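K.L.:
dropping the sequence and predicted coords here.
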Amino acid sequence: MNIKKALNILILLFFFTGIADVLIAQNNKTYHSLTEIWVEIKSHNYVLRNAAIQKELAELAYKTSLGNAINPKIPSSINFTDFTKLQSNFIPADFFGGAAGTFKQIQFGQQYATTAVLQPQFDILNLSSLSQIKYAKLNREYTENQTLTAEKELYDKVNATYHNIITLQSQNQILKKNIDAAEQIKAIVQKKYEEGIIRKQDLNDATANCILNKDNQEQLEKNIDLQYQIMSLYFENQINPIIDEQLLESNIETSLTASHNNLA
């Protein structure tokens with residue numbers, strides 16, 4: 001029974017580990033230029049999103065101040081009267097074709113009366129509202145400047161981190177070639193040492209050179225991981241960026257040719 005439970009737990013662990021790997025893989029995204037990274041960061045970074053919201057609020061405050069400057073006032077009143085009891089008069093019935101000498105009761109007047117009064121008023125000059133407009137305008141300009149400043153500071157950081165990653169990755173490629181060359185030199189020196197051509201010190205130097213290059217590579221890869229973590233912070237840890245851009249490589253090739261002269 002215990003073995004069965006242990007197997008079930010292991011299966012669940014493998015299952016959730018696989019799901020985690022899939023989620024992590026979904027967050028990975030490759031970029032080929034700084035422009036691609038910057039466009040993506042602008043839609044994920046909380047600093048820029050908050051700055052955009054503040055800018056919208058400042059714009060709304062400015063528009064509201066313009067509306068308040070007009071400040072229309074329309075006092076209104078409505079009166080509705082229901083005359084439930086109208087005055088009654090007695091009219092000879094023969095006027096209505098009735099019998100002579102008789103009277104008919106008739107009510108004169110209007111039972112319902114409605115009165116509506118509207119008095120629009122507009123302020124020709126409102127110094128308080130004008131001050132509010134000026135304040136809202138200055139606040140809008142200040143918010144826009146703050147937004148641009150925050151965007152510039154973040155862009156400078158992203159730009160520095162991006163090119164740090166490119167530079168370190170290029171250095172890592174060169175270092176890998178140096179390690180391969182150091183390993184080849186070590187193999188040659190090892191063979192010569194076994195043949196008794198060179199000293200033990202030469203072999204130790206070649207071995208130390210290999211160890212030093214590998215240690216440099218390990219430190220370099222840690223620096224690359226650190227720069228990637230910093231770049232991921234600009235995405236608010238929502239994306240794990242992978243930068244694929246490479247530094248320009250020189251393709252200059254120099255061909256060796258013999259010089260011509262008249263010497264015998």
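P.N.:
Here it is on my side, so go on.
K.L.:
which regions of this structure lie under the pLDDT threshold?
P.N.:
For the chain, applying pLDDT under 70 flags the ranges 1-26, 67-74, 80, 82-90, 93, 95-98, 101, 105-112, 118-128, 247-264.
K.L.:
on the C-terminal side of the longest helix seen in the chain, identify the next helix or strand.
P.N.:
In the chain, assigned by DSSP state H, the helix with the most residues is helix 127-194. Using DSSP states H and E, the helix or strand that directly follows helix 127-194 along the chain is helix 200-234.
K.L.:
that following helix to helix 127-194, inter-axis angle?
P.N.:
160 degrees (axes from the mean of the first three to the mean of the last three CA atoms, to 10 degrees).
K.L.:
buried ones in helix 200-234?
P.N.:
Buried positions in helix 200-234, judged by neighbour count with 16 or more other CB atoms under 10 Å: 203, 206, 209-210, 213, 217, 220, 224, 227-228, 231-232, 234. (C-beta placed from N, C-alpha, C; glycine too.)
K.L.:
ok, Gly132 to Leu48 distance?
P.N.:
Careful, residue 132 is Gln and not Gly. 29 Å (CB to CB, to the nearest Å).
K.L.:
contacts only, for the spatially closest residue to Ala51 that is not a sequence neighbour.
P.N.:
Closest residue to Ala51 apart from its sequence neighbours, by CB to CB, 6 or more residues apart in numbering: Thr147 at 4.2 Å. Shown in contact with Thr147 (CB atoms under 8 Å, 6 or more residues apart in numbering): 51-52, 54-55.
K.L.:
quick check: the gap between Glu236 and Asn204.
P.N.:
50 Å.
K.L.:
among the contacts of Thr147, which ones are buried?
P.N.:
51, 54-55.
K.L.:
relative to Asn28, which of those is nearest.
P.N.:
Ala51 (27.7 Å; CB to CB).
K.L.:
tell me which element the closest one is part of?
P.N.:
Per DSSP H and E: helix 46-70 holds Ala51.
K.L.:
got the angle between that helix and helix 200-234?
P.N.:
Going by the same axes, to 10 degrees, helix 46-70 makes 20 degrees with helix 200-234.
K.L.:
about what we covered before: among the contacts of Thr147, which two are most distant?
P.N.:
By the measure CB to CB, Ala52 and Gln54 form the most distant pair in the contacts of Thr147, at 7.3 Å.
K.L.:
ok so, going back, any idea how far the residue nearest to Ala51 is from Glu141?
P.N.:
11 Å.
K.L.:
cool, Ile242 as well?
P.N.:
Taking CB to CB, one finds Ile242 at 40 Å from Glu141.
K.L.:
and if you look at Gln169?
P.N.:
42 Å.
K.L.:
ditto for Asn79
P.N.:
Applying CB to CB to Asn79 and Glu141 gives a distance of 50 Å.
K.L.:
can you check Gln184 too?
P.N.:
65 Å.
K.L.:
cool, Asn213 as well?
P.N.:
For Asn213 relative to Glu141 (CB to CB), the value is 56 Å.
K.L.:
residues in contact with stretch 31-44?
P.N.:
Outside stretch 31-44, the residues that reach it (CB under 8 Å, 6+ apart) are 29, 48, 154-155, 158-159, 162-163, 231, 234-236, 238-239, 241-245.
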